[in-house]
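A.B. asks: Sequence below, structure please.
(one chain, ligands or ions: 1)
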Amino acid sequence: MMDRETSSARLPLVQRPRRNRKSDWSRRLVRENRLDVSDLIWPVFLIEGEGCREAVSSMPGVYRQSIDLTVAAIVEAAAFGVPAVALFPNTDPALRDEKASVALDPDNLVCRACRAIKEAAPDIGVITDVALDPYTSHGHDGLLVGEEIVNDETVSVLARQAVTQARAGADIIAPSDMMDGRVGAIRSALDSEGFQNVQIMSYAAKYASAFYGPFRDAIGTSKTLRGDKRAYQMDPANTDEALREVALDLEQGADMVMVKPGMPYLDIIHRVAETFHAPTFAYQVSGEYAMIMAAAQNGWLDEERAIMESLLAFKRAGASGVLTYFAPRAARLLQEA
Ligand code: PBG
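C.D. replies: Numbers count the residues shown, from 1 in each chain. The predicted structure is shown next:
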C-alpha cells in the first residue's frame with residue numbers, strides 16, 4: 001500500500017536502468033561479458049626432483065613442484081578445460097652462470113617438463129618462457145656486460161633458447177625479456193628449423209613493476225637480482241610507448257600479444273585490444289595474486305568473489321584471455337556456477 005505522499009514522490013522516468021537488474025535471469029540476459037574456462041592460462045613453477053612440492057610463501061596456495069606432480073596437476077586442469085599452461089623453472093643456483101648456459105640445454109627442467117606434459121596431456125597448449133633470468137647468476141633477463149644488459153647479443157641467445165624449447169615440444173614461445181628485435185629473430189630462427197607452426201605470444205608491453213616480487217621468490221631470483229630491470233622493461237608512466245611496442249612485435253611476427261601486469265594496466269589492455277584487434281592477453285601477475293590472497297586471508301575480502309571479479313575485469317577491458325595463478329581454481333568455480 002502506498003500512501004499519497006509516496007506516490008507523489010514518484011519520478012517521471014522513462015528510463016529506469018534498474019529494471020534490467022531486478023532478477024538473476026534478467027541480469028544474465030543483459031550480461032555483456034563472460035569469463036569462460038577457455039580464457040585461462042595457468043602459469044606453473046617447476047623444481048627438480050620427484051614428488052617434490054614447496055610452498056611459495058609470498059603466494060599462498062601456489063607451489064613449486066617437480067615434473068611428476070606438475071604433470072598430474074596439469075592433467076587435472078586439462079580435464080577442467082584449461083586450454084594452456086605456462087612453464088617457469090626454478091633452476092638449481094649452482095647451475096646459474098653469467099651466460100645462462102642452461103637456457104640452451106635440451107635437457108633442462110623446462111624442456112623435460114615440456115616433453116612430459118605433451119605425453120601425458122597432449123591436448124593442452126604448452127607455453128614456454130623465453131628470457132634468461134631463471135638461468136643467469138645475476139637474475140637479469142639478458143646478458144650483462146659491465147653495467148649494461150646487451151641487446152643484440154642477448155637476442156641471439158634468446159633465438160637459440162626458443163628453438164631449444166620448440167624441439168622439446170613447446171606450442172607457444174613467449175618471450176618475456178623485452179629486448180628489441182627479439183620477436184623477429186625468434187620467428188626466423190623457428191622458421192629456419194622447421195617450426196613454422198610454433199606460435200609466438202610476446203610480452204609486448206611489459207612494465208618494470210613492483211608486482212613481480214613474489215614471482216622472483218618463486219623462481220629464486222629476488223636475492224640475486226643485481227639492480228633493477230628499468231633499462232629494458234617499460235616505464236609505468238607510459239601508454240603510447242605500449243602501442244609502439246605492440247606494433248613492432250606484430251610486424252615481426254607475434255601471433256598474440258600480452259600486457260603485463262594486469263589489473264593496474266587495464267587501460268593499456270583496452271587500448272591495445274581496440275587499436276590492433278589481435279589476440280591480446282593480460283598477465284595477472286604474482287603480486288596481484290598475493291594482494292588478493294593476503295586480503296582474503298585477513299578476512300578483508302570475499303576470496304572467491306574477488307578472484308572472479310578480478311578475472312572478469314580483463315574480459316571487460318578487451319582481453320582475449322588471462323594468465324593467472326588462479327586458473328585451476330577459477331576453472332572449478334566456473335564449472336560449479
Ligand atoms: C621474467 C619474468 C617475470 C615474470 C614473468 N617472467 C618477472 C620479471 O620480469 O622479473 C613475472 C610474473 C609474475 O610476477 O607473476 N622473465
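A.B. asks: Please count neighbours and contacts with C-alpha atoms only from this point.
C.D. replies: OK.
A.B. asks: who touches the nearest residue in space to residue 80 that is not next to it in sequence in this structure?
C.D. replies: What sits nearest to residue 80 in space, not counting adjacent residues and going by CA to CA, 6 or more residues apart in numbering, is residue 331, at 6.2 Å. Residue 331 makes contact with 37, 40, 77, 80-82 under the criterion CA atoms under 8 Å, 6 or more residues apart in numbering.
A.B. asks: what about 7 Å?
C.D. replies: By CA atoms under 7 Å, 6 or more residues apart in numbering, residue 331 lies in contact with 37, 80, 82.
A.B. asks: Check the burial of the first one by counting its neighbours.
C.D. replies: The reference is to residue 37. Residue 37: 20 surrounding residues under other CA atoms under 10 Å.
A.B. asks: Kindly report the same for the second one.
C.D. replies: Taking other CA under 10 Å as the criterion, the count of residues near residue 80 is 18.
A.B. asks: Quick check: the gap between it and the ligand.
C.D. replies: Residue 80 sits 22 Å away from the ligand, going by CA to the nearest ligand atom, to the nearest Å.
A.B. asks: go on, the first one?
C.D. replies: Distance of residue 37 to the ligand, given as CA to the nearest ligand atom: 20 Å.
A.B. asks: And residue 33, by the same measure?
C.D. replies: Distance of residue 33 to the ligand, computed by CA to the nearest ligand atom: 25 Å.
A.B. asks: and the residue nearest to that residue when sequence neighbours are not counted, what element?
C.D. replies: Leaving out its chain neighbours, the residue that sits closest to residue 33 by CA to CA, 6+ apart is residue 316, at 6.1 Å. Using DSSP states H and E, residue 316 sits in helix 303-317.
A.B. asks: what sits up against that helix?
C.D. replies: With contact meaning CA under 7 Å, 6+ apart, helix 303-317 is reached by 33-35, 266, 269-270, 282, 296, 330.
A.B. asks: Does anything pack onto the lengthiest helix in the chain? Which helices or strands?
C.D. replies: The single longest helix within the chain, with elements called by DSSP state H, is helix 151-167. Helices and strands touching helix 151-167, by 3 or more CA pairs under 7 Å, 6 or more residues apart in numbering; DSSP states H and E, are strand 125-130, helix 182-192.
A.B. asks: just to revisit the earlier point, of the contacts of helix 303-317, which is the nearest to residue 200?
C.D. replies: Minimum distance to residue 200 across the contacts of helix 303-317 is 15.0 Å, recorded for residue 282 (CA to CA).
A.B. asks: my hunch is that that closest one is in a strand, does that hold up?
C.D. replies: Yes. Assessed by DSSP: H, G, I helix; E, B strand; the rest coil, residue 282 belongs to a strand.
A.B. asks: and residue 237, which of the helices and strands packed on helix 151-167 is closest to it?
C.D. replies: Set against residue 237 and scored by CA to CA, those come closest in helix 182-192, at 23.5 Å.
A.B. asks: Enumerate the residue intervals of the chain where per-residue confidence is below the cut-off.
C.D. replies: Low-confidence segments of the chain, defined by pLDDT under 70: 1-7.
A.B. asks: Up against the ligand, what does it have?
C.D. replies: Within the chain, the residues that sit near the ligand (CA under 6 Å from any ligand atom) are 131, 133, 141, 176-177, 211-212, 215, 285-286.
A.B. asks: Export the residues you listed as a markdown table, with columns for secondary structure and neighbour count.
C.D. replies: Shown next, in a markdown table, are those (DSSP: H, G, I helix; E, B strand; the rest coil; neighbours: other CA atoms under 10 Å):
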| residue | secondary structure | neighbour count |
| --- | --- | --- |
| 131 | coil | 26 |
| 133 | coil | 26 |
| 141 | coil | 25 |
| 176 | coil | 23 |
| 177 | coil | 25 |
| 211 | helix | 21 |
| 212 | helix | 17 |
| 215 | helix | 20 |
| 285 | coil | 23 |
| 286 | helix | 23 |
